[in-house]
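> sequence and predicted model, in that order:
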Amino acid sequence: MQFGVFSVGDVTRNPVTGETPSEAERIKAVLAIAQKTEEVGLDVFAFGEHHNPPFMSSSPTTLLAAVAARTERLIVSTSTTLITTNDPVRLAEEYAMLQHVSGGRMDLMLGRGNTAPVYPWFGQDIRQGLPLALEHYNLLHRLWREDVVDWQGRYRTPLSGFTSTPRPLDDVPPFVWHGSIRTPEIAEQAAFYGDGFFANHIFWPSEHSKRLIEFYRARFAHHGHGTPEQAIVGLGGQAFIARTSQEAHERFRPFFDEAPVYGNGPRMGDFARQTPLSVGSPQEVIDKTLTFRETFGDYQRQLFLVDHAGLPVEMVLEQLELLGGEVVPVLRRELDALRPATVPDAPTHASLVAAKYGDGEPRRPRPNANRGDNVTGGSPYQDTEAA
Amino acid sequence: MKLVVISGGTSDPSSTRMLVDRITARVLERAAEARLEVSTSIIELRPLAAELASAQVTGFAPPAVASAIATLAEADALIVATPVYKAGVSGLFKSFFDVVDQDLLIAVPTVLAATAGTSRHALVADEQLRSLFAYLRALTTPTSVFAASDDWGTKALGERIDRAAHELVVLAAAGVKSAMRDAGTHYNRVFGGASEGADEIEFDTDLMRLATGGSPGSVRPV
């Protein structure tokens, strides 16, 4: 089971001091938070993606490459990568490069985003949001698996004899999670390809996500990837931890009350009762998180939102100490003990390489000498016959 | 049949509640004449006010509102009533229907009712409630019931109530709701919602073919 944190890189006023950090301060803080995530023993740092103030998360692969360079074991991921407004050709290139520079310590989570105006900024039409996401991923999937792609679709110009470079590390595509909260077509696409499915259920009662996850599990089995219990599920979570329940409530309340999304609305206590939010002692956060398994079954990845709502970086680092020091070790032990041996871990680069090659040597393609074009349809690599 | 009654009145007792009680009583008499067994649930919106304020900004229904929506999902017939404030439907009443699933009331026979302090607001039921319930695709009765202060003693109000009750029972007895829903018509539904059939997923669609790697050429812009 993997544990980690995810953030959307909001630059939010600290409601206690009244100070808003600069973008520069926030970007530095996020790098420190990511390093701390590894230090305290967590597995995953996921980040992104927004293209408007007050966010600074427009360019996740640049940031994640810096994180990967400063860490040794941490998996860097996204939350989420916009499969709608990003060109799948650029995604294929950028994330393959991230895969190489991180030594395979990466995956990504695709989503449609929730900001309508972003579509025209990147030349897209929000009315086509869903078919755009589906078509773009079908193409991305091929770009990482076929050296030379001929493709024609509805939402971007056709490709003829196109090769996305660099080829994925060891010729093993990055693992992909599909994030969705209510769209059966996205769950169906995740199931069809045997990819992971991530439900960020933190803003609603957990039950709202249950039917979609059950649908994904059933379709994962239908498409021949294993049993429903073997489907690869990730969940969001949201916690604020302190020594005592009272201290946690007192310290988090001013941030909760003015947080983007739910601030100035529900009372913190009501929201914590009705959604996956836990505010309390390590034991309370453990107990609440264990209910996710009861609702959704054994799952592979738990990401917590801890860096948000104007929390100063010192408090976020302290949250990570508590999360990594006291909460996650217990969750690991309890959830690992409950999980049947037949339920797999989330795929990693190492497990995907082992699945593809066994003890054999992974493919590391070497290009032929430059012919001055990229459109002839033959193979550009030495180990493959020209067509 | 399950009759659900929604009152947006804010005082206790409110004239809005008194009006729905009169309509309900007449519906039960008419139903008995038609040999229809009726179970009645009454939803008062006043106790839901705080949760509804929260639901406006969180986008999900807290427990008491969720329970009211679950009751509404079972309705075979509906009576709804709002007081008129500032020449319109009350904010509380609209807040409730703002968080109700938009596919919950498809083809449910519905009596629209409103109360006001003056007869100058007489068209609120027909001009505002009727368009709201048209959006929800409910089947409103031709007769709506409006009662201003000076209507309460009149014979005409009783006659309107009787006409609306008659229309509701005729529609409910004819099984219009299930006939319309079962006819193979494809009503647009929101997956995972509270409405009947919300978990049914169609696989024979262009989008589902695209989700499973299918040809993008078959998908038309939506």
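Ah, there it is.

> okay, CA-based contacts and neighbour counts for the rest of this
Will do.

> tally of neighbours for residue B:85?
Using other C-alpha atoms under 10 Å in any protein chain shown, residue B:85 is surrounded by 13 other residues.

> what mean pLDDT does the strand or helix carrying residue A:333 get?
For residue A:333, the element it lies in under DSSP states H and E is helix A:328-338. Averaged over helix A:328-338, pLDDT sits at 97.

> check the gap between residue A:16 and residue A:27 for me.
Note on residue A:16: its distance to residue A:27, by C-alpha to C-alpha, to the nearest Å, is 21 Å.

> what helices or strands is the strand or helix carrying residue A:137 leaning on?
Counting by DSSP H and E, the element that carries residue A:137 is helix A:129-143. If contacts are counted by 3 or more C-alpha pairs under 8 Å, 6 or more residues apart in numbering or on different chains; DSSP states H and E, helix A:129-143 sits against helix A:88-101, strand A:149-151, helix B:206-211.

> any idea which of the ones you listed is most buried?
Burial of the helices and strands packed on helix A:129-143 is given as mean neighbour count (mean count of other C-alpha atoms under 10 Å in any protein chain shown); helix B:206-211 ranks first at a mean of 22.

> after the helix holding residue A:333 comes which helix or strand?
That would be, after helix A:328-338 and using DSSP H and E, helix A:349-357.

> what lies in contact with that following helix?
The contact list for helix A:349-357 (C-alpha atoms under 8 Å, 6 or more residues apart in numbering or on different chains) reads A:104-106, A:170, A:172, A:174-175, A:362.

> of those, which belong to helices?
Among the contacts of helix A:349-357, no member falls in helices (DSSP state H).

> in strands only, show me those.
Counting by DSSP state E, none of the members of these fall within strands.

> which one of those residues is nearest chain B?
residue A:175 (17.4 Å; C-alpha to the nearest C-alpha).

> quick one, phi psi at that closest one?
In terms of degrees, to the nearest 10, the main-chain angles of residue A:175 are phi -70, psi 140.

> quick one: terminal-to-terminal distance for stretch A:294-311?
OK, stretch A:294-311 end separation, C-alpha to C-alpha: 30 Å.

> quick one: that stretch to chain centroid distance?
Relative to the mean C-alpha coordinate of its chain, stretch A:294-311 is positioned 11 Å out (C-alpha atoms, centre = their mean, to the nearest Å).

> list the contacts for residue A:288?
Residue A:288 touches A:276, A:278, counting by C-alpha under 8 Å, 6+ apart.

> domain assignment for chain B?
B:2-183, B:189-222 (automatic domain parsing).

> which residue would be the closest one in chain B to chain A?
residue B:211 (4.5 Å).

> which parts of chain A are strands?
According to DSSP E, the strands that chain A contains are A:2-7, A:44-47, A:75-78, A:81-82, A:108-111, A:149-151, A:159-162, A:176-179, A:196-199, A:233-241, A:277-280, A:301-305.

> orientation of the last one relative to strand A:2-7 in degrees?
Interaxial angle, strand A:301-305 versus strand A:2-7 (axes from the mean of the first three to the mean of the last three C-alpha atoms, to 10 degrees): 30 degrees.

> which of the residues in stretch B:90-102 are buried?
Buried residues in stretch B:90-102, counting neighbours by 16 or more other C-alpha atoms under 10 Å in any protein chain shown, are found at B:90, B:92-96, B:99-102.

> with stretch B:32-44 instead?
B:41-44.

> stretch B:126-139 too?
For stretch B:126-139, by 16+ other C-alpha under 10 Å, it's B:126, B:129-130, B:132-133, B:136-139.

> now, which of these lie within strands?
Filtering the buried residues of stretch B:126-139 for strands - DSSP E - leaves residue B:139.

> so can I have JSON lines of the buried residues of stretch B:126-139 showing pLDDT?
Formatted as JSON lines, those follow (pLDDT from 0 to 100):
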{"residue": "B:126", "pLDDT": "98"}
{"residue": "B:129", "pLDDT": "98"}
{"residue": "B:130", "pLDDT": "98"}
{"residue": "B:132", "pLDDT": "98"}
{"residue": "B:133", "pLDDT": "98"}
{"residue": "B:136", "pLDDT": "96"}
{"residue": "B:137", "pLDDT": "95"}
{"residue": "B:138", "pLDDT": "97"}
{"residue": "B:139", "pLDDT": "98"}
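
> what separation do you get for the residue of the stretch 151-300 of chain A found nearest chain B and residue A:178?
Relative to chain B, the nearest point of the stretch 151-300 of chain A is residue A:189 (4.5 Å; C-alpha to the nearest C-alpha). Noted for residue A:189: a distance of 8 Å to residue A:178, by C-alpha to C-alpha.

> check residue B:171 too.
For residue B:171, the distance to residue A:178 - C-alpha to C-alpha - is 45 Å.

> cool, residue A:212 as well?
From residue A:212 to residue A:178 the distance is 12 Å (C-alpha to C-alpha).

> residue B:145 now?
Distance from residue B:145 to residue A:178, by C-alpha to C-alpha: 50 Å.

> what's the answer for residue A:195, then?
7 Å.

> those two: which has the busier surroundings?
residue A:178 (27 against 21).

> list the contacts for that one?
Residue A:178 neighbours (C-alpha under 8 Å, 6+ apart): A:109-111, A:186-187, A:190, A:195-198.

> which pLDDT does the model give the spatially closest residue to residue B:64 that is not a sequence neighbour?
Leaving aside its sequence neighbours, residue B:64 sits nearest to residue B:48 (C-alpha to C-alpha, 6 or more residues apart in numbering or on different chains; 6.8 Å). We have a pLDDT of 97 for residue B:48.

> check residue A:264 too.
For residue A:264, pLDDT reads 85.

> hmm, it is touching residue A:257, no?
Yes - with contact defined as C-alpha atoms under 8 Å, residue A:264 and residue A:257 form a contacting pair (5.5 Å).

> which of these two has more neighbours?
residue A:257 (17 against 14).

> find the nearest non-adjacent residue to that one, please.
residue A:263 (4.7 Å).

> now the one you found: phi and psi?
phi -60, psi 160.

> residues touching residue 150, list them.
You didn't pick a chain, so chain A it is. Counting by C-alpha under 8 Å, 6+ apart, the residues that residue A:150 touches are A:158-162.

> that's the wrong chain, I wanted chain B
Per C-alpha under 8 Å, 6+ apart, neighbours of residue B:150: B:118-119.

> quick one: it and residue A:379, what's the gap?
For residue B:150, the distance to residue A:379 - C-alpha to C-alpha - is 87 Å.

> pLDDT weak spots in the chain?
In the absence of a named chain, chain A is used. A:370-378, A:385-387 (pLDDT under 70).

> that answer is for a different chain, and I need it for chain B
Ranges of chain B meeting pLDDT under 70: B:184-186, B:188, B:215-222.

> number of residues surrounding residue A:62?
Residue A:62 - counted by other C-alpha under 10 Å - has 12 other residues nearby.

> any idea where the helices of chain B begin and end?
B:15-33, B:49-58, B:63-73, B:91-99, B:124, B:130-135, B:155-173, B:176-181, B:206-211.

> got TSV for the ones you listed, with distance to residue A:205 too?
Output for these, formatted as TSV (distance: least, C-alpha to C-alpha, whole Å):
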stretch	distance to residue A:205
helix B:15-33	32
helix B:49-58	11
helix B:63-73	10
helix B:91-99	15
helix B:124	36
helix B:130-135	27
helix B:155-173	34
helix B:176-181	29
helix B:206-211	27
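
> residues from the stretch 101-250 of chain A in reach of chain B?
A:127-128, A:131, A:134-135, A:138, A:153-154, A:182-186, A:188-189, A:192-193, A:203-205, A:208, A:211-212 (C-alpha under 8 Å from any C-alpha of the partner chain).
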